[in-house]
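*Asks:* Structure of the sequence below:
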Amino acid sequence: MTTTVTRKGQVTIPKPLRDYLGIGPGSQVNIRRADDGGVLIEKADGPRPPSRFAKARGSAGPGMTTDELMALLRDEPE
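*Replies:* Numbers count the residues shown, from 1 in each chain. Okay, the predicted model is just below:
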């Protein structure tokens, strides 16, 4: 996404990025330089909420081992 700097040094944050970060009118943002030289923009009251995929990550538990699953599928006694 590209935006233009005004004479006052202001930029408009594109709507898809505002939506992604949860930024609305009156929101404050932190802008900082990353270790790799890039620039990071984040909502000042913390990073954006985790996605539904991030929330689900790791929730299934350890599950069965391969041997246990194969025995179950082959209907072998334990």
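*Asks:* which residues does residue 33 contact?
*Replies:* For residue 33, the contact set (Cβ atoms under 8 Å, 6 or more residues apart in numbering) comprises 39-40. Heads up, the C-betas are built off the backbone N, CA and C, glycines and all.
*Asks:* what's the answer for the one 10 residues further on, then?
*Replies:* Taking Cβ under 8 Å, 6+ apart, we find residue 43 in contact with 21-23, 27-30.
*Asks:* What about those, which one has the most neighbours?
*Replies:* Neighbour counts for the contacts of residue 43 peak at residue 23, which has 19 neighbours (criterion: other Cβ atoms under 10 Å).
*Asks:* I'd assumed residue 29 was in contact with that residue.
*Replies:* Yes - using Cβ atoms under 8 Å, residue 23 and residue 29 qualify as a contacting pair, with a distance of 6.3 Å.
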